[in-house]
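**Student:** build me a model from this:
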Amino acid sequence: MAVTLHDVAALAGVSIKTVSNVINDYPHIRPATRDRVEAAIAELGYTPNLTARNLRSGRTGAIALALPDLSLAYFAELASEVIREAEAAGVVVLVEQTGGDRDRELELLRSARLKLTDGLIFSPLGMAQEDVDALDVTYPLVLLGERIFDGPTDHVTMRNIEAARAATEYLIASGCRRIAVVGAHEGEVIGSAGLRLRGYREALDAAGIPFDEDILGYTTLWHRANGADSMREILARDVEFDAVFGLNDTLALGAMRVLQEAGRRVPEDVQVVGFDGLDEAAYSIPSLTTVDPGRAWIAKTAVATLLGRIAGGADAGPQTLLADFHMVERESTGGS
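**Tutor:** Okay, the predicted model is just below:
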């Protein structure tokens, strides 16, 4: 027979209500009473009926996290941090991988699976600004990323333009004047690549350095192989450059490997900067200078914002929350 609240109450010598208050962490319980109830729970091996509790509260105790691609280190590290923050708040995270496919992202927003959760943290990659109305959903939703702006939901994101400008200014301040880029997306204006390229160009303009298409490397995906291929294409053009800005860390790591294969010393011949502040960037040879765009803050703020909406903060209008960033100087630019 399953152990019940009545069994725990009888053993502890208290009311069923008192046992319920202890289980739900009601604050006004005498320490001695709490200890007696917890000892009875442990002795009997009582497990609360979470299904019944959730039916009473109207909540599941779970949230969903939808990301494009967990094989990309940024999203894997972001997911880990979101899960850690949610667990600290007593919430379970169900992770969905969309592949960055627009149709799958739109389907997810309408999916019956979300009824198993209390809200969604959503980072689209296939959707674009014209899909903004699809974010007008009936459940709590927090948007991440740089594909859609000024939507009907809370948006937690990074300062892509300002951070990319700071990374380029960092290279300019160290004496670099021919700064190649790997990872640009042809024709993109809104999105990580488009915004970071804009920041790069703003820094060049401010320094009076002309923009040169010949040292701009286009790609589609942002994996190491794409960074390597983009770097090979730039080298094949036989153009001069004294620095490389990878629009994310994995691109920069792939580019740095190709530079070393080509006999270009990093940082003596070419300085390299990435973007994302990945853990692995500290362990490459040489270690990679990067922009930390505030990933940990983004995870913490997204979870807190979503839980606030779930708890009843739906009356306030949507807000855009921007993370702070900072440069992490390492060996690839001559740092320690």
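
**Student:** could you break this protein into its assigned domains?
**Tutor:** 5-48, 62-157+295-323, 160-293 (automatic domain parsing).

**Student:** now the end-to-end length of the longest one.
**Tutor:** Read that as domain 160-293. 8 Å (Cα to Cα, to the nearest Å).

**Student:** so what's Val272 scoring on pLDDT?
**Tutor:** Model confidence at Val272, given as pLDDT, is 98.

**Student:** my guess is it meets Asp242, correct?
**Tutor:** No - counting by Cβ atoms under 8 Å, Asp242 is not a contact partner of Val272; they are 10.7 Å apart. The C-beta positions use only the backbone N, C-alpha and C, and glycine is treated the same way.

**Student:** more neighbours, the two?
**Tutor:** Val272 (29 against 18; other Cβ atoms under 10 Å).

**Student:** which ones are touching that one?
**Tutor:** Applying Cβ atoms under 8 Å, 6 or more residues apart in numbering, one finds that Val272 lies in contact with Ala243, Val244, Gly246, Ala252, Ala255, Met256, Leu259, Val266, Leu288, Thr289, Ser332, Thr333.

**Student:** helix or strand: which one has the fifth one?
**Tutor:** By that I understand Ala255. Assigned by DSSP states H and E, Ala255 falls within helix 249-261.

**Student:** neighbouring contacts of that helix?
**Tutor:** By Cβ under 8 Å, 6+ apart, the residues outside helix 249-261 that reach it are 72-74, 182-183, 217, 219, 222-232, 235, 244-246, 266, 269-270, 272-278, 280-281, 284, 286, 288, 290, 332.

**Student:** dump the C-alpha coordinates for that helix into CSV.
**Tutor:** Listed next in CSV are the C-alpha coordinates belonging to helix 249-261 (Å, rounded to 0.1, in the frame of the first residue of the first chain):
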residue,chain,number,x,y,z
ASP,A,249,34.3,31.1,-31.1
THR,A,250,33.9,27.9,-33.1
LEU,A,251,34.5,29.8,-36.4
ALA,A,252,37.5,31.4,-34.9
LEU,A,253,38.9,28.1,-33.7
GLY,A,254,38.5,26.6,-37.1
ALA,A,255,40.1,29.6,-38.8
MET,A,256,43.0,29.6,-36.3
ARG,A,257,43.8,25.9,-37.2
VAL,A,258,44.0,26.8,-40.9
LEU,A,259,46.2,29.8,-40.2
GLN,A,260,48.6,27.6,-38.3
GLU,A,261,48.6,25.0,-41.1
